[in-house]
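*Asks:* build me a structure from this.
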Amino acid sequence: NKYDYSNDGKKVVFLTFDDGTSKTNTPEVLRILDENNIKATFFLTGSNIENGGETAKELVKKEFNSGHAIANHSYSHDTHKLYPGRYLDMDAFKADFEKNDKLLKSILGNNFSTRVIRCPGGYMSWKGMEPLDEYLDANKVASIDWNALSGDAEGGRKTADQLINYAIETAKGKDMVVMLMHDTYGKEETVKALPTIIKYFKDKGYEFKTLS
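*Replies:* Next comes the predicted model:
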């Protein structure tokens, strides 16, 4: 609440990717992460997985088997359904996230579970979120937003250089960084920007961790 991202001088960055998987950009993101020996957190959206068919499901398995963290980013990503009039509809929200959880279990096995979710649009964007707080506490689940971003989903399309600059600027002065990016369709510039973003955090002495 105090927007204090200090961490006793220890620098940690969590690279997070929303709205996947995609058959176009997710494989390239995984390749770059593997080349840099880095693990990230993928906030998966069920409708995109199902639209991608077996190829997308295999990518989810590849993420998981490569040691990346898998988190729930809803099935539909339909903000009008989840937050009508900008207020949380807890029943719709719960049903949507449970549908995605069942899909992930069908891909990764019934023993799979994640303690991490990300609200479509971010928790911070909506009103009447108290019932969600109670639900998360009761189920020992954490809702994680972000405190830095590449800007690949805000405003008009940006070049890779613009995404890099935006990511660096929003991360400045923070020991603990949760970086928001996307690996869904149309995010080719994010893929191009990723190696430089990784290099920036490596050069600044950040440790890369996952949310799980």
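*Asks:* please, which helix or strand holds I70?
*Replies:* I70 belongs to strand 69-72 when assigned by DSSP states H and E.
*Asks:* I'd like the average pLDDT over the following helix or strand past that strand.
*Replies:* Using DSSP H and E, the next helix or strand after strand 69-72 towards the C-terminus is helix 79-82. Averaging pLDDT along helix 79-82 gives 98.
*Asks:* give the other helices and strands that helix 79-82 contacts.
*Replies:* If you count contacts as 3 or more CB pairs under 8 Å, 6 or more residues apart in numbering; DSSP states H and E, helix 79-82 packs onto helix 90-108. Every residue, glycine included, has its C-beta placed from N, CA and C.
*Asks:* now the strand holding I70, how far from the centre of its chain.
*Replies:* Strand 69-72 sits 8 Å away from the centroid of its parent chain (CA atoms, centre = their mean, to the nearest Å).
*Asks:* contacts for that strand, please.
*Replies:* When contacts are defined by CB atoms under 8 Å, 6 or more residues apart in numbering, strand 69-72 is touched by residues 16, 39-44, 60, 63-64, 97, 100-101, 104, 108, 112, 114, 116-118, 144, 210-212.
*Asks:* now which of these would you call buried?
*Replies:* 16, 39-44, 60, 63-64, 97, 100-101, 104, 108, 114, 116-118, 144, 210-211 (16 or more other CB atoms under 10 Å).
*Asks:* now, those that are in strands?
*Replies:* Under the assignment DSSP state E, these contribute 16, 41-44, 116-117 to strands.
*Asks:* surely Y135 and K94 touch.
*Replies:* Yes: contact criterion CB atoms under 8 Å: Y135 and K94 qualify, at 6.8 Å.
*Asks:* number of residues surrounding the spatially closest residue to R115 that is not a sequence neighbour?
*Replies:* Leaving out its chain neighbours, the residue that sits closest to R115 by CB to CB, 6 or more residues apart in numbering is V141, at 5.3 Å. By the measure other CB atoms under 10 Å, the count of residues near V141 is 17.
*Asks:* for Y3, see how far away V141 is.
*Replies:* Using CB to CB, to the nearest Å, V141 is found at 23 Å from Y3.
*Asks:* which residues does the closest residue to I117 other than its chain neighbours bridge with?
*Replies:* With CB to CB, 6+ apart as the measure, N72 is the residue that lies nearest to I117, at 4.6 Å, once sequence neighbours are left out. Taking DSSP bridges as the rule, N72 bridges to L44, I117.
*Asks:* quick one: pLDDT of N72?
*Replies:* pLDDT at N72 comes out at 98.
*Asks:* tally of neighbours for it?
*Replies:* 24.
*Asks:* ok, it to D161 distance?
*Replies:* 32 Å.
*Asks:* spit out the contact partners of L82.
*Replies:* Counted by CB under 8 Å, 6+ apart, L82 has contacts 74, 76, 88-89, 92-93, 96, 119-120.
*Asks:* next, give me the two most distant ones among the residues you listed.
*Replies:* S76 and L88 (14.7 Å; CB to CB).
*Asks:* ok, and for the one helix or strand N165 maps to, which residues are buried?
*Replies:* Assigned by DSSP H and E, N165 belongs to helix 160-171. The neighbour-count check on helix 160-171 (16+ other CB under 10 Å) flags 160, 162-168, 170-171 as buried.
*Asks:* got a list of contacts for it?
*Replies:* By CB under 8 Å, 6+ apart, helix 160-171 touches 13, 147-152, 158, 177, 179, 181, 189-190, 192-193, 196-197, 200-201.
*Asks:* perfect, that will be all.
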